[in-house]
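**Q** Coordinates for the following, if possible.
(one chain, ligands or ions: 1)
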Amino acid sequence: MEVLVIGAGLAGVSSAWYLSQAGCKVTVIERQPGPGLETSYANGGQISVSHPEPWANPGAPATVLRWLGRKDAPLLFRPRADAAQWRWALAFLRECLPGRTARNTAAIAHLADYSRDQLRALRAATGIEYEAGTGGILHLFMDAEDFAHAPAKLQILQELGIRAQLLDPDQAVALEPALATMHSRLLGVLHGIDDECGNAHLFCRALASNATEAGVRFLFNTRVESFEVRGQTISGLRIKDADGRTGMLHADAYVLAAGSYSPLLARPLGERLPIYPVKGYSITAPIIDPSRAPRLSLTDEARRVVCSRLGNFLRVAGTAELNGYNLEADPARSAGIVKWLDEHLPGVADASRAEHWCGLRPTTPGNVPLIGPSRVGRLFFNTGHGTLGWTLACGSGQAVADIVTGRPPEPDFPFLRPR
Ligand SMILES: Cc1cc2nc3c(=O)[nH]c(=O)nc-3n(C[C@H](O)[C@H](O)[C@H](O)COP(=O)(O)OP(=O)(O)OC[C@H]3O[C@@H](n4cnc5c(N)ncnc54)[C@H](O)[C@@H]3O)c2cc1C
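**A** Below is the predicted model of the structure:
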């Protein structure tokens, strides 16, 4: 079976790998000169199974209102004359209903748990290196209102079979001495025991290189212009290379993994994908005092900031901004991340030499990705992974490979069904 995969981010490279392992002849088409150069380039680095709760939860509307008008708000809605943005915002509000949040949380948790196991199996089988860190994620509570919800969060995780524990500040510092500088501010810490972290861009590059050795072909600097349709079935892809040469590619199946750009490619086919680009920022700063740098990945629950040690660097990421496909960096937004680093881990990394970055999370209203067949024949989706595309990459890649090759996917997850 020949398969064309569109996009070489986390979703596309993982799809290509698992499809080739399933015996498919795979070609990946990517407009950038290499893998993982868009949203998968400099994310927070977390494999965060212990954070399945989506942004859309019963507390979200009040939180968003509280942050309204603040330039450094963790979640910023910049209203535009854009019907897709307003449709998405309304759908987001619907997903804040308690029943929907519970359903979305469970779906994400099942896929995330499976995905982390797939990642571990892949690491064991291939020896792939991507600055992986194990030992868990520490969710830091420094706000009394947030901390009041910590026991309920722990209970939900336990009910979902995710190993986690609540630590007091002394226990947390004993586990992660780098937290000593925050001890007086900490109210408690939730430890996601089996979580991990790692460099998503290195992972994309390393997995693409393993996939190439396994026979996968990558066409970089090549843009998919559109799908060619015959009847109700995809019959080919129109592509254009960097020199402006156009061509057609044909296959037995097509996997759309173009991140935030998936809805733009799917729209002419009559598919209105509920994915909106949600911009986030990161800085990657060289560590100057390794003895005080955290070994475990951190999440500041109140500020919605994450921090992961990746080799000799600290990656600090956060903020969410609904502002269309605009990739301009707003200095006020990354300044908030620099401030977090200076205030919480002073003297550990040199923010003045940091690489600044922003990317567009391909986000569905409930943060549940779209995986499975489209309503058009031969076309499959593996897209819309929002805040958790690194956490969900391997599980989604394996699942879409199963679906394309006619096997039932393993996790208990609302995969798309043929319509
Ligand atoms: C600040 C920030 C922090 C984050 N932190 C975390 C985290 O800690 N943990 C976690 O799990 N997730 C995190 N995420 C989310 C995660 O990074 C994304 O969900 C993930 O990268 C999405 O991967 P993707 O492959 O779907 O999209 P992308 O990485 O954007 O890949 C899509 C690819 O498709 C290509 N493409 C698009 N259109 C075309 C076309 N027409 N022709 C050819 N190629 C095309 C693009 O060039 C791109 O390479 C974070 C995101 C951000 C922004």
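**Q** Spatially, which residue comes closest to residue 267, not counting chain neighbours?
**A** residue 273 (7.9 Å; CB to CB, 6 or more residues apart in numbering). In short, each C-beta sits where N, CA and C put it, glycine included.
**Q** ok, the one you found touching residue 262?
**A** Yes. Residue 273 lies in contact with residue 262 (CB atoms under 8 Å); the separation is 5.7 Å.
**Q** list the residues that contact both of the two?
**A** 381, 383, 384 (CB atoms under 8 Å, 6 or more residues apart in numbering).
**Q** contacting residues around the second one?
**A** Taking CB under 8 Å, 6+ apart as the criterion, residue 383 is in contact with 7, 11, 256, 257, 258, 259, 262, 273, 275, 362, 369, 370.
**Q** how about the one helix or strand the second one maps to, does it reach the ligand?
**A** Translated: residue 11. Per DSSP states H and E: residue 11 is located in helix 10-21. Yes. Residues of helix 10-21 are located near the ligand by CB under 6 Å from any ligand atom, namely 10, 11, 12.
**Q** Name the residue of the stretch 101-250 of the chain that lies nearest to the ligand.
**A** residue 224 (3.7 Å; CB to the nearest ligand atom).
**Q** The one helix or strand that residue maps to packs against which elements?
**A** Secondary structure assignment for residue 224, by DSSP H and E: strand 222-230. On a contact count with 3 or more CB pairs under 8 Å, 6 or more residues apart in numbering; DSSP states H and E, strand 222-230 meets strand 25-29, strand 233-241, helix 262-266.
**Q** average pLDDT across it?
**A** Mean pLDDT, computed over strand 222-230, is 98.
**Q** And stretch 15-35, by the same measure?
**A** Here the average pLDDT along stretch 15-35 is 98.
**Q** quick one: buried residues of it?
**A** 15-22, 24, 26-32, 35 (16 or more other CB atoms under 10 Å).
**Q** for stretch 332-350, same thing?
**A** 333, 334, 335, 336, 337, 338, 340, 341, 344, 345, 348, 349.
**Q** Stretch 207-227 too?
**A** Result for stretch 207-227 [16+ other CB under 10 Å]: buried residues 207, 208, 210, 211, 216, 218, 219, 220, 222, 223, 224, 227.
**Q** Stretch 319-329 now?
**A** For stretch 319-329, by 16+ other CB under 10 Å, it's 319, 320, 321, 322, 323, 324.
**Q** residues touching the residue in the stretch 1-150 of the chain positioned nearest to the ligand, list them.
**A** Among residues of the stretch 1-150 of the chain, the one nearest the ligand by CB to the nearest ligand atom turns out to be residue 9. It sits 2.1 Å away. If you count contacts by CB under 8 Å, 6+ apart, residue 9 has them with 35, 36, 38, 39, 40, 204, 257, 259, 389.
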